[in-house]
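Asks: Model the following, please.
(chains A and B)
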Amino acid sequence: MDHVYIQNIAQYVGKEITMKGWLADKTDKGKLQFLKFRDGTGFIQAVVFQKDVSPEAFDATKKLTQESSVILTGVPRAEPRAPGGYELSVKDVQVVQIAADYPITPKDHGVEFLMANRHLWLRSPRQHAILRTRARIVKAIRDWFDDNGFLLVDTPMLTPSACEGTTTLFETDYFGVPAYLTQSGQLYNEADAMAFGKVYCFGPTFRAEKSKTRRHLTEFWMVEPEWAYGTLDDYMRVGEEFVSYIVQTILKERAEELKVLERDTSKLEKVTPPFPKISYTEAVELIQKNGFPDFKWGDDFGAPHETIISEQYDKPVFVHRYPTEIKAFYMALDPTNPKVVLGADLLAPEGYGEIIGGGERSADLAYLESQIEKHKLPREAYEWYLDLRRYGAVPHCGFGLGIERTVAWICKLDHVRETIPFARMLEKIYP
RNA sequence: UGGCGGGUAGCAAUCCGGGUGAAUGCGCCGCACUGUUAAUGCGGAUAGAGGCAGGUUCGAGUCCUGCCCCGCCAGCCA
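Replies: Alright, predicted model coming up:
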């Protein structure tokens, strides 16, 4: 007989089934043993009464340690008192392995210890809630693009040169020549958009920045759509529809997980289109009026400035038309004011900062040539990119959304390190 | 990289006005208990010469110096 998974338990109420998994925790009440059992799809309480099982099985139950692997046979039934609503009345217990003294106890632990034991920490209910939410966010992202005419066209991880500069890249030895782990699929995405119209790429991204904050990883996942004939306004409209879809989907599909995480969902419910949109210039005035009178037009936002902006709204907010000087070389100039570019960032509420960056890309060959020179980029590495402006250049736009920051925001976590199974952080790569 | 705060038993904390190798809870073992949810009660064992290296002192976990590691914040960014 095939074994049954906890996530499907409702279909088997009253029937004898077998479940395979691990013992998360146990409460010994003498002739009654409560097993907190998990199988990867969920947690369920199993109850072993001495009179219901063989003496051998009962003995084995009493000897089970935390995280021992075990196969249970029994009958599930509805139990209002149990988390999840179901409970297994056990008829037989088969021990697969008795686990050695398990380091992670149900009591408090520090971050250092938990991260050193990340390979085991993943088994905890809270980590399940986060990573199951992450998986659903990823599916929502793919669904939205797939259903809105975007073609998945992935971009390379290994690149011959930097996208925007060389200081933050991980270098590898590519058959004797340097190659770099990608920090963005952006430029390749533009080639793909000129080929397929509407595309998106989705994969890991690497940045060797010495950033040590709750919002940074050296390896993180990013989804980047790019589409031909798209404008700044198109991008912001797509962005708000897209982000709202993700949030509303999670509210519906991961309500149980958000409850485990004690997430205040009323704040997420408000995330619907349209989002507020303010210009960089308006944002500067806002910052000056709220405690930073010395902030100058032309300065880039720091974390405290972003917080001031996002605190004004109960939805994510777009800040558009940044000074040309502080943005990437490929950004399109605003034809009505060449001091600013047609770019915009989306700032998440509740202090989570920038979760999207993007905008319209320049289609102007001469302008891009001058930008490459101005930014001291190696011209030959960008010839293929310039080709895109020689052969059927069109206005186009795109953006990148950081998965981990989005997960951290939706789950309301203190740090992005819990949003990915094995976080890669500054000088930390174990386990 | 800078600022601040930390590194004491497997884990988490107390001790931080220097003075007999101090110490609580969890975990672990045993006993009791048919409704636990971080169970409870009783009993027991294990465990560090207090991050590492120096220094001051009659005497240092406790003061000083250097180094290592961790956390938070900042810069940079998604």
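Asks: Strands of the stretch 301-431 of chain A, start to end?
Replies: Secondary structure of the stretch 301-431 of chain A (DSSP state E, counting those that start in this stretch): strands located at A:317-320, A:333-334, A:337-341, A:343-348, A:353-361, A:396-402.
Asks: Can you lay out these as JSON lines showing mean neighbour count and distance to RNA strand B?
Replies: Glycine gets a C-beta too; all of them are placed from N, C-alpha and C. Output for the strands of the stretch 301-431 of chain A, formatted as JSON lines (neighbours: other Cβ atoms under 10 Å; distance: least, Cβ to the nearest atom of the strand, whole Å):
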{"stretch": "strand A:317-320", "mean neighbour count": "23", "distance to RNA strand B": "12"}
{"stretch": "strand A:333-334", "mean neighbour count": "18", "distance to RNA strand B": "18"}
{"stretch": "strand A:337-341", "mean neighbour count": "17", "distance to RNA strand B": "13"}
{"stretch": "strand A:343-348", "mean neighbour count": "25", "distance to RNA strand B": "7"}
{"stretch": "strand A:353-361", "mean neighbour count": "24", "distance to RNA strand B": "4"}
{"stretch": "strand A:396-402", "mean neighbour count": "24", "distance to RNA strand B": "3"}
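Asks: looking at those, which is closest to A:Gln45?
Replies: Judged by Cβ to Cβ, the one of these that comes nearest to A:Gln45 is strand A:343-348, at 36.6 Å.
Asks: Alpha carbons only: can I get that closest one in PDB?
Replies: This file holds the C-alpha atoms of strand A:343-348, laid out as PDB (Å, rounded to 0.1, in the frame of the first residue of the first chain):
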ATOM      1  CA  GLY A 343      13.300  54.700 -14.400                       C
ATOM      2  CA  ALA A 344      11.300  53.800 -11.300                       C
ATOM      3  CA  ASP A 345      11.800  51.800  -8.100                       C
ATOM      4  CA  LEU A 346       9.100  50.200  -6.100                       C
ATOM      5  CA  LEU A 347       9.400  50.600  -2.300                       C
ATOM      6  CA  ALA A 348       7.600  48.000  -0.200                       C
END
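Asks: how far away is the closest residue to RNA strand B within chain A from A:Gln97?
Replies: Nearest residue of chain A to RNA strand B: A:Gly302, at 1.8 Å (Cβ to the nearest atom of the strand). Per Cβ to Cβ, to the nearest Å, A:Gly302 is found 51 Å from A:Gln97.
Asks: Where does pLDDT dip in the stretch 301-431 of chain A?
Replies: Judged by pLDDT under 70, the stretch 301-431 of chain A has no weakly predicted residues.
Asks: Start from the N-terminal end of it and give the helices.
Replies: Ranges of helices within the stretch 301-431 of chain A are A:303-311, A:365-374, A:383-390, A:403-411, based on DSSP state H, counting those that start in this stretch.
Asks: mind giving me the domain ranges of chain A?
Replies: With domains defined by automatic domain parsing, chain A comprises A:6-97, A:119-418.
Asks: Out of those domains, which is closest to A:Pro103?
Replies: Proximity to A:Pro103 (Cβ to Cβ) singles out domain A:119-418 among these, at 6.6 Å.
Asks: Quick check: A:Ala423 touching A:Val416?
Replies: Yes - counting by Cβ atoms under 8 Å, A:Ala423 does reach A:Val416; the two are 7.3 Å apart.
Asks: Identify the contacts common to those two.
Replies: Residues touching both A:Ala423 and A:Val416 by Cβ atoms under 8 Å, 6 or more residues apart in numbering: A:Leu217.
Asks: quick one: which of those two has more around it?
Replies: Taking other Cβ atoms under 10 Å, A:Ala423 and A:Val416 do not tie; A:Val416 has more neighbours (24 against 20).
Asks: rewinding a little: any idea which of the helices of the stretch 301-431 of chain A is most buried?
Replies: Stretch with highest mean neighbour count among these: helix A:403-411 (a mean of 25; mean count of other Cβ atoms under 10 Å).
Asks: Does RNA strand B have contacts with it?
Replies: Yes - applying Cβ under 7 Å from any atom of the strand, one finds helix A:403-411 touching RNA strand B at A:404-405.
Asks: Residues contacting that helix, please?
Replies: Residues contacting helix A:403-411 (Cβ under 8 Å, 6+ apart): A:129-130, A:133-134, A:137-138, A:141, A:214-215, A:217, A:220-223, A:243, A:246-247, A:250, A:257-258, A:261, A:263, A:268, A:348-350, A:352-355, A:413, A:415-416, A:418-420.
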